[in-house]
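> No letters, just coordinates:
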DNA sequence: TGTATCAATTTGTATAGACAAAAGCGGGTC
DNA sequence: GACCCGCTTTTGTCTATACAAATTGATACA
């Protein structure tokens, strides 16, 4: 049993996706759809508002609603904590702390993070192993002012990524994905060749304009990839499945 | 002037993001919020439904609404057509067709695409140049059954990515990002060293379960990266800015 | 000609009321 | 105990109505 709301939404969506209504096409006025579907204007309005929120149509008072101009090629990636992700995919995961040290921010790093020089940080290096093979090198900075409890946490039983995710809410995240060649030290740790292509994910998260953490995760290119699906059709971005996969 | 709807939405959102209400916390019932905000239940309901659609809360009849369990580390990337993207960033863009050939699908490629062997395809290879330096190598397959007009299109003035975006609506896209080392031919075309780390984007788009196109775009790793921001706070995924940037 | 004003149209937001659907709870029966 | 039934609570959807805000188009006027 589908609701009227849903029926209107999907009918219009299908006509847009199917190319029957091209970008720029004016879709019927609310009162016309009220006639067509024999329902109240509120119901039509909610359906059209939902389509507008999704970016499929744009609406202007007194003018009407129009099929949005261009399909943007967008993808949604769930970038998860390594351990969670490995477990979801049914792989073994373990990790080893290589370095754990409290420092103060030097000028260059501070500028790079957009924070004040001299702030206290926890620097963590971590090697992740999946199914017995080294899979990622994690280099992390945690701002101790934002996460005071990290000062006494050993991270012996819970990996830092997971610990932070459960511990600190964030309001903004930035991700950068790069391809880099492994230097000698990285290659040795990841048990791969020097110069091997590596997929690097850099993530910085903020809470209310203060950096919480900055992390660089380096994967050997022959053992990792990022994948993401996008359906313009889907209800919410929440019914996506985990997207990062072992290759 | 903000609407009541918006005020409710943002108040609750702020309490979740700020960590005042932890995951699992039961947020007030609709009738309680009606009291608190002195508005009708419809208004409260719409605000809570919007939060649920966004994945910040989950709702269950008779039980209540709860702060969603775990923050997923998600990012939204707009992966645009190379020319559009370069122009937006204020760079010059040109391209050259290296190969344009109509073929039939061999068994291996067909299996890889999830399509039938023997289907007619247009194979296109294309070198993109940004600000005078080679920036991407594009290897594309277009299913002629889905895009018959591609048969006679020369792609001399409009690059294939842009042409397809304007021409054919799609209902699903899949993206994969990889790091690979350049082989000799690729390195020569991209004017980089053999073995250099390259960032590869693979994209396959479908319309109603039929493949429209499959493309592999190889960027030299020292000249390219993908970047994406995610604000759990934002209204829609549509007010995102272009995300892929020249490094 | 240009400009201010007004009316009409369309979307945006809100209300109060109604009933349906899901799910927990308790009571009775076997 | 297990099972069934009905009561209650909470969310889900819909209606009819109302007024506000934005914008267009027409009209009046300098």
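Good, I have the coordinates. No experiment lies behind these values; they were computed from the predicted model shown. Residues are numbered from 1 along each chain as shown, chains lettered A, B, ... in the order given.
> can you list the residues of chain A near DNA strand D?
A:3-6, A:38-43, A:60-63 (Cβ under 7 Å from any atom of the strand). Where you see a C-beta, it was placed from the backbone N, CA and C, and this is true even at glycine.
> any idea which of these is the one closest to residue B:134?
Residue B:134 lies nearest to residue A:60 out of these, by Cβ to Cβ, at 43.0 Å.
> Run through the residues that contact the closest one.
Residue A:60 makes contacts with residue A:66, as judged by Cβ atoms under 8 Å, 6 or more residues apart in numbering or on different chains.
> got the residue ranges for the strands in chain A?
Along chain A, the segments classed as strands by DSSP state E run A:26-27, A:57-60, A:64-67, A:74-78, A:93-104, A:120-130, A:133-143, A:172-181, A:197-207, A:210-220, A:224-230, A:244-246.
> Identify the farthest-apart pair in the residues of chain A next to DNA strand D.
Largest separation among the residues of chain A next to DNA strand D by Cβ to Cβ: A:3 and A:62, giving 28.8 Å.
> neighbours around the closest residue to residue A:96 other than its chain neighbours, how many?
Spatial nearest neighbour of residue A:96, chain neighbours left out: residue A:127 (5.0 Å); criterion: Cβ to Cβ, 6 or more residues apart in numbering or on different chains. Residue A:127 has 16 neighbours, counted by other Cβ atoms under 10 Å in any protein chain shown.
> Residue A:168 is in contact with residue A:145, isn't it?
No - assessed by Cβ atoms under 8 Å, residue A:168 is found out of contact with residue A:145, at 11.8 Å.
> Look at these two and report which has more neighbours.
For residue A:168 and residue A:145, the more surrounded residue by other Cβ under 10 Å is residue A:168, and the numbers stand at 19 against 14.
> Mind pulling the model confidence for the more buried one?
Per-residue pLDDT puts residue A:168 at 82.
> contacting residues around it?
Contacts of residue A:168 (Cβ under 8 Å, 6+ apart): A:146-147, A:207, A:212-213, B:19.
> For it, give me the backbone phi and psi.
Dihedral angles of residue A:168 (phi, psi; degrees, to the nearest 10) stand at phi -120, psi 120.
> measure it to residue B:22 for me?
Separation of residue A:168 from residue B:22 (Cβ to Cβ, to the nearest Å) stands at 12 Å.
> ditto for residue A:113
Using Cβ to Cβ, residue A:113 is found at 27 Å from residue B:22.
> More neighbours: which of these two?
Counted by other Cβ under 10 Å, residue A:113 and residue B:22 do not tie: residue A:113 has more neighbours, with 17 against 11.
> Cross-check the contact I'm expecting between that one and residue A:204.
Yes - contact status for residue A:113 versus residue A:204: in contact at 7.0 Å, counting by Cβ under 8 Å.
> From residue B:147, how far out is the most far-flung residue of chain A relative to its centre?
No residue in chain A sits farther from the centre than residue A:35, which is 41.8 Å out by Cα atoms, centre = their mean. According to Cβ to Cβ, residue A:35 and residue B:147 sit 37 Å apart.
> same question, residue A:93
Between residue A:93 and residue B:147 the computed distance is 43 Å (Cβ to Cβ).
> so where is chain A shaky, pLDDT-wise?
Along chain A, segments meeting pLDDT under 70 span A:69-80, A:88, A:231-247.
> what touches both of residue A:113 and residue A:204?
A:211, A:214.
> Test my guess that residue A:217 contacts residue A:190.
No - using Cβ under 8 Å, residue A:217 is not in contact with residue A:190, being 11.5 Å away.
> got any residues that touch both of the two?
In contact with both residue A:217 and residue A:190: residue A:137, using Cβ under 8 Å, 6+ apart.
> Can you get me a residue count around residue A:3?
Other residues near residue A:3 number 12, with proximity taken as other Cβ under 10 Å.
> scratch that, residue A:148 is what I was asking about
10.
> Next up, the contacts around it.
With Cβ under 8 Å, 6+ apart as the criterion, no residue contacts residue A:148.
> Kindly report the same for residue A:120.
By Cβ under 8 Å, 6+ apart, the residues touching residue A:120 are A:102-105, A:143-145.
> For residue A:15, state which of those residues is nearest.
Using Cβ to Cβ, residue A:143 comes nearest to residue A:15 of the contacts of residue A:120, at 49.7 Å.
> ok, now which ones touch the spatially closest residue to that closest one that is not a sequence neighbour?
Leaving aside its sequence neighbours, residue A:143 sits nearest to residue A:211 (Cβ to Cβ, 6+ apart; 5.3 Å). Residue A:211 sits next to A:113-115, A:143, A:146, A:204-205 when contact means Cβ under 8 Å, 6+ apart.
> Quick one: those residues as CSV, columns for distance to residue B:30 too.
Below are the contacts of residue A:211 laid out as CSV (distance: Cβ to Cβ, whole Å):
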residue, distance to residue B:30
A:113, 42
A:114, 41
A:115, 42
A:143, 38
A:146, 34
A:204, 37
A:205, 32
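> Closest one of these to residue A:174?
Set against residue A:174, the nearest of those by Cβ to Cβ is residue A:204 (5.0 Å).
> before we move on, the earlier item: in PyMOL, select just the buried ones from the contacts of residue A:211.
Here is the PyMOL selection string for the buried members of these, based on 16 or more other Cβ atoms under 10 Å in any protein chain shown:
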select buried, chain A and resi 113+115+143+146+204+205
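> so who does the closest residue to residue A:26 other than its chain neighbours touch?
Leaving aside its sequence neighbours, residue A:26 sits nearest to residue A:64 (Cβ to Cβ, 6+ apart; 4.9 Å). The neighbourhood of residue A:64, defined by Cβ under 8 Å, 6+ apart, consists of A:26-27, A:29.
> how is chain A carved up into domains?
A:4-67, A:82-246 (automatic domain parsing).
> Nothing else from me, thank you.
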